[in-house]
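A.B. asks: missing the sequence, but the structure's below:
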């Protein structure tokens, strides 16, 4: 590779059409609006060759951690060190935060060579439901639609569940969500789930809850709202939802490692994460 023919610079909103076109050629499901969400909430870097965008990557800073995602290089430029250079730019931007990412199986060897280690796995479930599963009946609990006045408490809950500082990201997500459900016990908010437009259809996430039954109680009414439409949910592999989702008709179509270069984030308090925002943002 002649390194002088490649240039690297920060990503801007003007790069979104080219980034979207690149992802379409590689059969990624992202809409241009999905790219725009990441561009607004993260630091991005692009690689150019002869005036054309040939690669892009983002680092989304979330407190003491930064999620690296949407690392993509055109097929024609694979094997020329572009992905490694974009990753290094992202890593430089994360310091002194701990970088984390949700890898593809194909990308995992590159990340391992940069010092990342697997600490967990995620599973992608998707499909079109003819009917939604029944929601568990939880004593002394109820699900309700959340209003903007509830959002600060919801964000605090999401931060505790993920171990990340997600305020900036959720400030973007909550107003545009189709539904925002909360789980209350004794008047206290103890769970959160969002239904949003994403990719080929709809996505459920993030989902945070005290336990798997509470997570199901939040997810079931959102699934009911998606009947006949394509829906996706990316869950933590050990969260206890996989068999329930498969039985409901959402097949597991992918499994991928979660990786960190350092100590990964941990939940705090009485809640944990069950479903991601997106694979790119964690």
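C.D. replies: Great, that's in hand. If you're wondering where the values come from, they're calculated on a predicted model, not measured in any experiment.
A.B. asks: For residue 232, pull up the helix or strand it's in.
C.D. replies: Element membership of residue 232, judged by DSSP states H and E, is strand 230-236.
A.B. asks: likewise residue 216?
C.D. replies: Per DSSP H and E, residue 216 falls inside helix 212-225.
A.B. asks: so what does that helix touch, helix or strand wise?
C.D. replies: Packed against helix 212-225 by the contact rule (3 or more CB pairs under 8 Å, 6 or more residues apart in numbering; DSSP states H and E) you find strand 141-145, strand 179-185, strand 188-198, strand 201-209, strand 272-275. In this view, the C-beta of every residue, glycine as well, is placed from N, C-alpha and C.
A.B. asks: Summarise which helices and strands the shortest one is packed against.
C.D. replies: Under the contact criterion of 3+ CB pairs under 8 Å, 6+ apart, the helices and strands touching strand 272-275 comprise helix 151-162, strand 201-209, helix 212-225, strand 230-236.
A.B. asks: Paired strands for the second one, with orientation please.
C.D. replies: Using DSSP bridges, the strands paired with strand 201-209 are strand 188-198 (antiparallel), strand 230-236 (parallel), strand 272-275 (antiparallel).
A.B. asks: So what touches the shortest one?
C.D. replies: Contact partners of strand 272-275, identified using CB atoms under 8 Å, 6 or more residues apart in numbering, comprise 161-162, 193, 204-210, 212, 215, 219, 233-236, 239, 241, 267.
A.B. asks: can you rerun that using 6 Å?
C.D. replies: Residues outside strand 272-275 that contact it (CB atoms under 6 Å, 6 or more residues apart in numbering): 161-162, 205-209, 215, 233, 235, 239.
A.B. asks: ok, so of those, who is nearest residue 113?
C.D. replies: Nearest to residue 113, judged by CB to CB, of these is residue 162 at 26.8 Å.
A.B. asks: Contacts only, for the closest one.
C.D. replies: residue 273.
A.B. asks: likewise the one 10 residues further on?
C.D. replies: With contact taken as CB under 6 Å, 6+ apart, residue 172 is in contact with residue 41.
A.B. asks: Give me the local confidence score for it.
C.D. replies: Model confidence at residue 172, given as pLDDT, is 96.
A.B. asks: got the angle for the strand or helix carrying it vs strand 179-185?
C.D. replies: Remark: residue 172 resides in helix 167-176, with elements defined by DSSP H and E. Angle, helix 167-176 to strand 179-185, by axes from the mean of the first three to the mean of the last three CA atoms, to 10 degrees: 110 degrees.
A.B. asks: tell me which residues in helix 167-176 are buried?
C.D. replies: Applying a neighbour-count criterion of 16 or more other CB atoms under 10 Å, one finds 169-170, 173-174 buried in helix 167-176.
A.B. asks: So what does residue 96 look like in phi/psi?
C.D. replies: In terms of degrees, to the nearest 10, the main-chain angles of residue 96 are phi -90, psi 20.
A.B. asks: Begin at 5 from now on, thanks
C.D. replies: Yes, from this point I'll number from 5; that puts the last item at residue 100.
A.B. asks: measure it to residue 79 for me?
C.D. replies: Applying CB to CB, to the nearest Å, the value for residue 100 to residue 79 is 35 Å.
A.B. asks: and what of residue 48?
C.D. replies: For residue 48, the distance to residue 79 - CB to CB - is 20 Å.
A.B. asks: Next, count neighbours for the nearest residue to residue 95 once chain neighbours are set aside.
C.D. replies: Among residues not flanking residue 95 along the chain, residue 103 sits closest, at 5.8 Å (CB to CB, 6 or more residues apart in numbering). Per other CB atoms under 10 Å, the neighbour tally for residue 103 reads 23.
A.B. asks: On the pLDDT front, check residue 103 for me.
C.D. replies: Note for residue 103: predicted pLDDT of 98.
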